[in-house]
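**Student:** okay, structure incoming, though there's no sequence with it:
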Ligand code: BG6
């Protein structure tokens, strides 16, 4: 680290260590498009946007999205322009297995991902592949989806097909993107399947995602690792939380355990299983509601052992920090449902000094990522952390995206500082390379280093200021603040 004083203010210069990886991320459903001309089967987002178009803020759909199904060569060119050396993308379950089951493997799907992986490797870009990023086959949803324990077999069979096709070339795998998003968002009407059933379906989903992840991990471990020597983990969506007042310290730790620990503790902690305090509290909550059984389905001793330790690194999706404040039971949620975690009676609020984005849940507080990385280091035994998503949303489509540029600069600086604290971060990934179908926000919300013209038939991609900035950091492996 070098520090230089320019006009009285301190400019810092950080050099990224040799081997540190820089990447960009995407997800199949948000960029690929083309469910019609190929044989891709229907998934839960297709079904939801077509049966309930009103839930998408601009009533759009992802039938063409960024058209990466056809334009993937242009996507690789953009990665070359940026100079990144890893690309995190996901495989669409129903593009590969149109019925959801391994009885039919799509030739087209097989070829598509083969070409993409080979195209990346030719350019020296490492593929990081997510097996599941929000797009469950509708055929499996019709049988109960993630709330049905059979999903474990469905997912493991699918994972086996993917590993058998691509594990010779893909060395870094993420089984699931954000189980919190799959279950908590999916069962609180914030994502497909768009159910209002958090306390039954949602918590069944929590358990089933963990077992499905663990089985896929162990499958890789036993069958594929001896030959291909890759790494497997999952990505956790982890808002960082800070206490609003000194009185809220305990509530904040509970909020961390409810949000992230519910999914992380069984996998990454030494003892495994649900976080103890949370498990007890949720049992009491159930009883108070006249429900005598644990709502968080118990994990048997075998299941605890099955899930524990199923990671080779930690994949972190970090966006924002919220303050946590205790509230009385029955407190009415704020304007955005996620503002309240009613299971543990806390509210998430912003800090008056933190810059806010146009969406009220998203504050810019770069130091949050450093504190969170240190928390991970102190709570789990981690040899490696890859930041699998970090980026800034805006409703402003303009190419001069100073806010995003500053966000990336300041968050990367805090990642650097965390590394100086001793946190083993080995890679950083921007969400996202280009504007895409941002789930319930359709095409209104922009996260892209590149802007995409969704009115042009060839989905023209144009770099923003943040793309130039990120590229200069990546190419020089130096961050100047
Ligand atoms: C991440 C998801 O949590 O957040 C991405 O993995 C998503 O798929 C990104 O696009 C931004 O989320 P949102 O809800 O602001 O569109």
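**Tutor:** It's in. Note that the coordinates shown come from a computational prediction; the quantities given were computed from them, not determined experimentally.
**Student:** now residue 299. Nearest residue, chain neighbours left out?
**Tutor:** Of all residues not flanking residue 299 in the chain, residue 273 sits nearest, at 5.5 Å (CB to CB, 6 or more residues apart in numbering). All C-beta atoms are positioned from the backbone trio N, CA, C, and that covers glycine.
**Student:** wait, doesn't residue 208 sit right on residue 149?
**Tutor:** Yes - Residue 208 lies in contact with residue 149 (CB atoms under 8 Å); the separation is 5.8 Å.
**Student:** so between these two, which is more surrounded?
**Tutor:** Counted by other CB atoms under 10 Å, residue 208 and residue 149 do not tie: residue 208 has more neighbours, with 24 against 14.
**Student:** so that one, which of the three states?
**Tutor:** Following DSSP: H, G, I helix; E, B strand; the rest coil, the label given to residue 208 is helix.
**Student:** near the ligand, which residues of the stretch 1-150 of the chain are found?
**Tutor:** Within the stretch 1-150 of the chain, the positions adjacent to the ligand are residue 27 by CB under 6 Å from any ligand atom.
**Student:** which ones are touching the closest residue to the ligand within the stretch 1-150 of the chain?
**Tutor:** Minimum separation of the stretch 1-150 of the chain from the ligand (CB to the nearest ligand atom) falls at residue 27, amounting to 4.8 Å. By CB atoms under 8 Å, 6 or more residues apart in numbering, the residues touching residue 27 are 89-90, 130, 133-135, 177, 436.
**Student:** distance of residue 167 relative to residue 127?
**Tutor:** 11 Å (CB to CB, to the nearest Å).
**Student:** residue 183 now?
**Tutor:** The value you get for residue 183 to residue 127, if CB to CB is used, is 27 Å.
**Student:** between the two, which one's more packed in?
**Tutor:** Legend: neighbour count by other CB under 10 Å for residue 183 and residue 127, higher for residue 183 (26 against 22).
**Student:** helix, strand, or coil at the nearest residue in space to that one that is not next to it in sequence?
**Tutor:** Among residues not flanking residue 183 along the chain, residue 205 sits closest, at 3.7 Å (CB to CB, 6+ apart). Of the three states, residue 205 takes helix under three-state DSSP.
**Student:** list the helices and strands the top helix by length along the chain packs on?
**Tutor:** Counting residues, the longest helix in the chain under DSSP state H turns out to be helix 402-420. When contacts are defined as 3 or more CB pairs under 8 Å, 6 or more residues apart in numbering; DSSP states H and E, helix 402-420 packs onto strand 9-15, strand 363-364, helix 367-379, strand 425-430, helix 465-476, strand 478-480.
**Student:** before we move on, back to that, just to check, the residue nearest to residue 183 is in contact with residue 186?
**Tutor:** Yes - counting by CB under 8 Å, residue 205 does reach residue 186; the two are 6.9 Å apart.
**Student:** quick one: residues contacting residue 386.
**Tutor:** Here residue 386 is in contact with 21, 128, 172, 233, 313-316, 425-427, 429 (CB under 8 Å, 6+ apart).
**Student:** JSON lines for these, including pLDDT and distance to residue 55?
**Tutor:** Below are the contacts of residue 386 laid out as JSON lines (pLDDT from 0 to 100; distance: CB to CB, whole Å):
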{"residue": "21", "pLDDT": "98", "distance to residue 55": "36"}
{"residue": "128", "pLDDT": "98", "distance to residue 55": "30"}
{"residue": "172", "pLDDT": "98", "distance to residue 55": "33"}
{"residue": "233", "pLDDT": "99", "distance to residue 55": "31"}
{"residue": "313", "pLDDT": "98", "distance to residue 55": "35"}
{"residue": "314", "pLDDT": "98", "distance to residue 55": "32"}
{"residue": "315", "pLDDT": "98", "distance to residue 55": "28"}
{"residue": "316", "pLDDT": "98", "distance to residue 55": "28"}
{"residue": "425", "pLDDT": "98", "distance to residue 55": "36"}
{"residue": "426", "pLDDT": "98", "distance to residue 55": "38"}
{"residue": "427", "pLDDT": "98", "distance to residue 55": "34"}
{"residue": "429", "pLDDT": "98", "distance to residue 55": "28"}
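**Student:** out of those, which are buried?
**Tutor:** 21, 128, 172, 233, 313-316, 425, 427, 429 (16 or more other CB atoms under 10 Å).
**Student:** among those residues, which are in strands?
**Tutor:** Using DSSP state E, 21, 128, 172, 233, 314-316, 425, 427, 429 are the members of these that sit in strands.
**Student:** now the residues you listed as a markdown table including distance to residue 78?
**Tutor:** Output for those, formatted as a markdown table (distance: CB to CB, whole Å):
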| residue | distance to residue 78 |
| --- | --- |
| 21 | 17 |
| 128 | 17 |
| 172 | 20 |
| 233 | 26 |
| 314 | 27 |
| 315 | 23 |
| 316 | 24 |
| 425 | 24 |
| 427 | 19 |
| 429 | 15 |
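**Student:** re the thing from before, ok, the residue nearest to residue 183 to residue 257 distance?
**Tutor:** Taking CB to CB, one finds residue 205 at 18 Å from residue 257.
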